[in-house]
Each structure stands twice: as structure tokens, then as C-alpha cells.
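Trainee: Following is a predicted model, sequence given first.
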Amino acid sequence: MFSFLDMVNHYLGYFNINVTLKSRIYTVLGFFGDIYLFYISFRFLQNQMFTKGILLLLVAIILMYFTACNFFYYFTKRQPWFDISPKLAKVLHIQEHPRETQVESKMGTTVISEERNVPANGLFDDQHLLPAKVEVSPIQQANIDRLVAQMERQQLFQADYNGMNDRKIFELLKVNSKPVYAIGKGVLMPYFEMRKQGSALVIYCGLNQSEIYPVGEIRRVGLQSVSSLDLTHVKLYLASVTLVGGPYKQIGRAGVIEAPQDYTLRAMVAYKKL
């Protein structure tokens, strides 16, 4: 049975199948495999081979239990009453993490938490938010790298690929060939503000308001360049600044390989008509 499942896993690797669908397929195949184990165990018992029959029957019951739990997990949104996972996690002092979701973006394939971070500048209406194109000079890039080192020392983020090993990352890369970033979907900067310097809109970031550095210049808001905006009729607010990029992993000839990349910024700007 296990050889058959290994063969199925091998051939499914040739298709672009998401993780949930593949898990459902394994659950169905595991159910039929359990039925076969029950049949073999009963045949042993009928032939008075009690030791082998009882041991095989116990294995079949345990596997059927996990199959039933997987059925609830992958085919429904309910948790079965007989699932002992929460009790085991409590006894073993395992912290329950929020459910994670695989997403695809221009930055690559990431695994993100469903928890929502609230920017220090507050919340804005999504209908009045626009993405901003940020241009970073060499000096500003050095400031970003300095802030990254400070944030890592303060343990504000961990560039550990969300705790995934290379095997899990390889499974994600098979679903989507885009790179997986160590920082994940990104980290909200602790403090940020936007300053108008002449005709330029410069982003300043830091661990707090007392020590901030210029990290980029906003060149475009939505589809319009900053130079073409009539700021006498529109008020702009810096809604969020997120640290993205950095080291990432992708599939190479010998498996998963890591490649370096500079950290950069993703900014969102809110607007209000005057």
C-alpha cells in the first residue's frame, strides 16, 4: 500500500496541483488503503493467526482514525469532536499558531498569517488607498540595511522562511515556481512618515520617531507621477510601509538553493480630496 502511495506521490509531482487538492487525494487513497488493511487483518484472524491479525487490526484502526481527522480537516471546515490534537498540544505545551494561507504575488510565493497588523499611522479606507512606486538611492539603501539589522537585533522579525524546511519549500515551489522569501510576505516598519522636500515626497523610517532615516522617494501614486499631482486639491497620507524582498529560495539543479537580494520597501498611500 505504501509503495502505491509513493508511486501516486511521484506522478502527482508532474502536475501543477495545489497542496489542498493533493491532500484530499491522499485522504481518499488512504481510506481505501485502510479498508484493505481491515480485510487482511480479518483474513489473518479467520485463519487463526491471531498475533498478526490483532497487530494489523490495531494499525488499521489507528490509520482510520487519522484518515477520519484528515477528512474533516481537508473536506470540511469543522473540527471533529474526537480530534485529540488540541489536547496533545496543551499537554506538550505546543503553541498554536494562526492558520496560514499560501498566496502568490509579484514578490513570489509566500505563506502568510491571517492575523492583521495595524500600521502605526492608523487604518484607512481601502477604497482610498493606492500603491506607491518607491525609488531608492544607494544612500537610502544603506539606511534600509541599517534598519534591517536593528530590527533583527530587536527580534521584530525572523528571516527563517516561516520555520519551513527545504522539503516544505520545495513542495511550495512545485506548486508555484516563484521564489519563496525568507521574510515571508513582509514586515511592517515600526515607524514611518512622509515629508515633502521641494517637489519630492521622501519616506523616513526608523525604530521610533526619535531616530529616523530617509529610505526612499515616492515617484508614482497609483498610475500618476508625483510631479503631475495637484496637491492643492488632494491630500496624501502615508498609510503603510512594508519591508519586503531579501534572501529567497528557488529550485536549482541540486534541489532548493538560496540566493541573496536587497531588502526594499512597499508603500501604500491614502488620499483625500480637498
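Mentor: That came through, no problem.
Trainee: Which strands and helices lie in contact with whichever strand or helix holds V241?
Mentor: Using DSSP states H and E, V241 sits within strand 234-245. For strand 234-245, the packing partners by 3 or more Cβ pairs under 8 Å, 6 or more residues apart in numbering; DSSP states H and E come out as helix 138-153, strand 187-188, strand 191-197, strand 200-208, strand 263-273. The way it works is simple: take the backbone N, C-alpha and C, and place the C-beta from them, glycine included.
Trainee: Can you list the strands that the shortest one pairs with?
Mentor: Read it as strand 187-188. Counting by DSSP bridges, the strands paired with strand 187-188 are strand 234-245 (antiparallel).
Trainee: Show me what the helix or strand following the strand it pairs with is packed against.
Mentor: Remark: after strand 234-245, the chain's next helix or strand is strand 248-252, criterion DSSP H and E. Judged by 3+ Cβ pairs under 8 Å, 6+ apart, strand 248-252 is in contact with helix 166-175, strand 180-181, strand 255-259.
Trainee: Show me how far strand 248-252 is from its chain's centre.
Mentor: Its chain's average C-alpha position is 16 Å from that of strand 248-252, according to Cα atoms, centre = their mean, to the nearest Å.
Trainee: what residues does that strand touch?
Mentor: 108, 161, 166, 169-170, 173-174, 177, 179-182, 256-259, 261 (Cβ atoms under 8 Å, 6 or more residues apart in numbering).
Trainee: List only those of the residues you listed flagged as buried.
Mentor: Buried subset of the contacts of strand 248-252 (neighbour count, 16 or more other Cβ atoms under 10 Å): 108, 161, 169-170, 173-174, 179-182, 256.
Trainee: For I54, state which of those is nearest.
Mentor: F170 (39.2 Å; Cβ to Cβ).
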